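Fold the stuff below for me.
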Amino acid sequence: MFLVVVDAYSKWLDVHMTSSTTTSATLELLRRSFATLGLPEVVVSDNAANFTSEEFRSFMKRNGIKHVRTPPYHPASNGIAERAVQTLKDSIKKLKKGSLETRLSRFLFKYHVTPHSVTGVAPADIMFGRRLRTHLDVLKPDLSRKVIRNNEHQKNWYNIRVNQRDFKVGDLVYARNYATGPKWLPGKIVESSGNVLFTVALMDGRQVRKHTDQLIKRYADSNDQADEEQLDHDDIPVSSNNEDSTNTAPTVNIPPDTPELSADTTITSHSASHTLSCSTTPDRMTESPIQDEEQSRESAPPTVTTRRSSRTRNPPNREPGIGELTSESGAELTTKEATI
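Okay, the predicted model is just below:
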């Protein structure tokens, strides 16, 4: 014998096996259902003796439940319960394996997770607000839960390795420029579109949307140009060797063949700000006072006379058979070709 309880809203079905139809036994089973489903506002039943007793009427009154009984010999007045009873009987007959309790549990489980023809939703979804886990979930796990779990795992690992850069509206920043010109343009955040997307107002009046990966904080307006050049490594000018020439004393190279200089001879090297005077007097080398830039520019470069040999050079005689030789003493030697 079964006591069938149906929730009219969610179509949730409770079935209790009982061997007694007394009012006390019926109330014990109803208490078990009310402990799970809560106290109903209205209970609709037939006219059986256990539902018409004073004990049952007193129980309903104490719990604030309205009791409604159907007319005699008109079971259609309680059509929800009658349909549930017929479904229960047909299902128990079709289930062959297991005891009666096992077959009843299997029926209730499948009934609760199957969408109802009236609501279009499974009774368990309405009753508990969630979908019960079934054998299909074991064979084919929920993909959305797996995606959420993997996303959280990747987010945690990314946050460990990457420093978070927090920006807010009003911050001065440099925005990455992918067009021609400087690689970083100064601007100011004027709007936030989330945690990582911002609208930046540039100095030229344009507004661009940038990700946090495309922004760098800017701390001063006076050094915009200097900071911009520092960020753009490709545009940093490389200092030439001429810049160091003002801080290094000039070097004068005298070839080894230079004739001996007199005591009053002065060698002047043209430089940006130094003039070096050298004398042939041993152990005497002084550096002249620093002249201004205009005077140093007017100074002429030094002229060095190249030492050449004083020996007289005569062109060779190309006449056949005769050659002229000139000795160092100036005597001329003549040779004639011998004839055979």
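
What segments of the protein are helices?
23-37, 49-52, 54-62, 79-94, 100-113, 123-128, 135-139, 143-161, 224-231, 293-298 (DSSP state H).

Please parse the protein into its domains.
The record's domain split for the chain, according to automatic domain parsing, is 2-130, 172-235, 249-307.

a markdown table for the ones you listed, including mean pLDDT and distance to Leu139?
C-betas here are computed from N, CA, C, even on glycine. Below are the domains of the chain laid out as a markdown table (pLDDT from 0 to 100; distance: least, Cβ to Cβ, whole Å):
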| stretch | mean pLDDT | distance to Leu139 |
| --- | --- | --- |
| domain 2-130 | 92 | 15 |
| domain 172-235 | 81 | 38 |
| domain 249-307 | 48 | 87 |
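
Turn the ones you listed into a markdown table, including mean neighbour count and distance to Lys140.
As requested, those are arranged in a markdown table below (neighbours: other Cβ atoms under 10 Å; distance: least, Cβ to Cβ, whole Å):
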| stretch | mean neighbour count | distance to Lys140 |
| --- | --- | --- |
| domain 2-130 | 14 | 15 |
| domain 172-235 | 14 | 34 |
| domain 249-307 | 11 | 83 |
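
isn't Val4 right up against Gln86?
No. Using Cβ atoms under 8 Å, Val4 is not in contact with Gln86; the gap is 10.2 Å.

what about Glu41, distance to Val68?
Distance, Glu41 to Val68, by Cβ to Cβ, to the nearest Å: 11 Å.

returning to that earlier point: find the residues that touch each one of Val4 and Gln86.
Common neighbours of Val4 and Gln86, counting by Cβ atoms under 8 Å, 6 or more residues apart in numbering, are absent.

among the domains of the chain, which is nearest Asn159?
When the domains of the chain are compared by Cβ to Cβ, domain 172-235 sits nearest Asn159, at 12.1 Å.

returning to that earlier point: any chance of the domains of the chain in JSON lines with distance to Asn314 as columns?
Listed next are these as JSON lines, based on distance: least, Cβ to Cβ, whole Å:
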{"stretch": "domain 2-130", "distance to Asn314": "121"}
{"stretch": "domain 172-235", "distance to Asn314": "66"}
{"stretch": "domain 249-307", "distance to Asn314": "22"}
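
Please identify which of those domains is closest to Tyr158.
Using Cβ to Cβ, those put domain 172-235 closest to Tyr158, at 12.1 Å.

Tell me where the protein has strands.
2-6, 13-17, 42-45, 66-69, 172-176, 184-192, 197-202, 207-211, 215-217, 276-278, 285-287, 323-326, 332-335 (DSSP state E).

Output the first one in CSV, but only the C-alpha positions, please.
Once non-C-alpha atoms are left out, strand 2-6 reads as follows in CSV (Å, rounded to 0.1, in the frame of the first residue of the first chain):
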residue,chain,number,x,y,z
PHE,A,2,1.3,3.5,-0.9
LEU,A,3,0.6,7.0,0.3
VAL,A,4,1.1,9.4,-2.7
VAL,A,5,1.8,13.1,-2.1
VAL,A,6,2.1,15.5,-5.0
